[in-house]
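Turn this into a structure:
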Amino acid sequence: MPNELKSLIRETFPSFNQSKLIDEIWSHHQFHQFSIDTIIFDIGSQINFVPLVLTGAIKVFREDEAGNELFLYYILPGQSCAMTLSACAGSSSSTVRAVTTENTSLITLPDHLVSTFVFRYPSWNNFIIETYTHRLNEILVLVDNIAFYNMDMRLLRYLVEKSQVEKTRILDISNSEIARDLNSSREVISRLLKQMEKKQMVKTSRGRVELLN
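Numbering: from 1, shown residues only. Next up, the predicted model:
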């Protein structure tokens, strides 16, 4: 298992192309396996680790004082969380919640290694920059969706992205969960899904949405 896990880390994070960096990650890492719907870190919690996802998927979202949620992005294999990296660098608490959307395995590194690795390993530094850039682009897309697109287009993009993440056209998800992620209401989502079904874009049943086109 140790050799298999070390090989999985190399394969999943090809940007870590310095053998000494892999050795240090191996020396300091902790391996974790989580079942679906597990909270990895929550809003307000102190962040003292960096997650590196090996398998599965994690959904990251914000929440306001009234409990309304807004989906931000997924953390997929080969990725980390920009919000977590920022919290580690600034010794601050988390401003987001992260929940697994399927069975997920990951490794964590102590927070103090974030800045240490930046100065010692160019490949780690590049990974951090790429992570921030990728997440910034995702946030800009989210802002564009909210500012420039109607809810029907936001819903379609949400379903397509979720389908790509889960690698299936059949999504086991309720209208309430969709509404929560898009900061909308269940009634609005139900109405829009019915319109999409009439256009033969989706097929819906209780707790399930199937993308047709």
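
Summarise which helices and strands the helix ranked longest in the chain is packed against.
Looking across the chain with DSSP state H, the single longest helix is helix 122-148. For helix 122-148, the packing partners by 3 or more C-beta pairs under 8 Å, 6 or more residues apart in numbering; DSSP states H and E come out as strand 69-75, helix 82-90, helix 113-120, helix 151-166. The way it works is simple: take the backbone N, C-alpha and C, and place the C-beta from them, glycine included.

again, 7 Å this time
Where contact means 3 or more C-beta pairs under 7 Å, 6 or more residues apart in numbering; DSSP states H and E, helix 122-148 is packed against strand 69-75, helix 82-90, helix 113-120.

List the buried residues in it.
Judged by neighbour count using 16 or more other C-beta atoms under 10 Å, the buried positions of helix 122-148 are 123-124, 127-128, 131, 135, 138, 142, 145.

before we move on, what about stretch 69-80?
Judged by neighbour count (16+ other C-beta under 10 Å), stretch 69-80 contains these buried residues: 69-75, 77, 79-80.

Ends of that stretch, what's the gap?
Length of stretch 69-80, first residue to last, C-alpha to C-alpha, to the nearest Å: 21 Å.

So which helix or strand of this protein has the lowest pLDDT on average?
Ranked by mean pLDDT, DSSP states H and E, the helix or strand of the chain with the weakest confidence is helix 82-90, at a mean of 82.

For the nearest residue to residue 49 once chain neighbours are set aside, give me phi and psi.
Leaving aside its chain neighbours, residue 49 sits nearest to residue 108 (4.0 Å; criterion: C-beta to C-beta, 6 or more residues apart in numbering). As for residue 108, its main-chain torsions (degrees, to the nearest 10) stand at phi -120, psi 150.

Same question for residue 92.
Main-chain torsions, residue 92, degrees, to the nearest 10: phi -110, psi 170.

so what's it scoring on pLDDT?
On pLDDT, residue 92 comes in at 77.

Any idea how many residues pack against the nearest residue to residue 33 once chain neighbours are set aside?
Computed as C-beta to C-beta, 6+ apart, the closest residue to residue 33 that is not its neighbour in sequence is residue 105, at 4.9 Å. For residue 105, the neighbour count with other C-beta atoms under 10 Å is 17.

same deal with residue 107?
Neighbours around residue 107, by other C-beta under 10 Å: 22.

where does it land in three-state SS?
Three-state call for residue 107 (DSSP: H, G, I helix; E, B strand; the rest coil): strand.

residue contacts, it?
Contacts for residue 107 (C-beta atoms under 7 Å, 6 or more residues apart in numbering) come out as 9, 29-31, 52, 54.

Who wins on neighbours among the residues you listed?
Greatest neighbour count in the contacts of residue 107, by other C-beta under 10 Å, goes to residue 52: 22 neighbours.

for that one, helix, strand, or coil?
What three-state DSSP gives for residue 52 is strand.

Okay, now the unreliable bits of the protein?
Along the chain, segments meeting pLDDT under 70 span 1.
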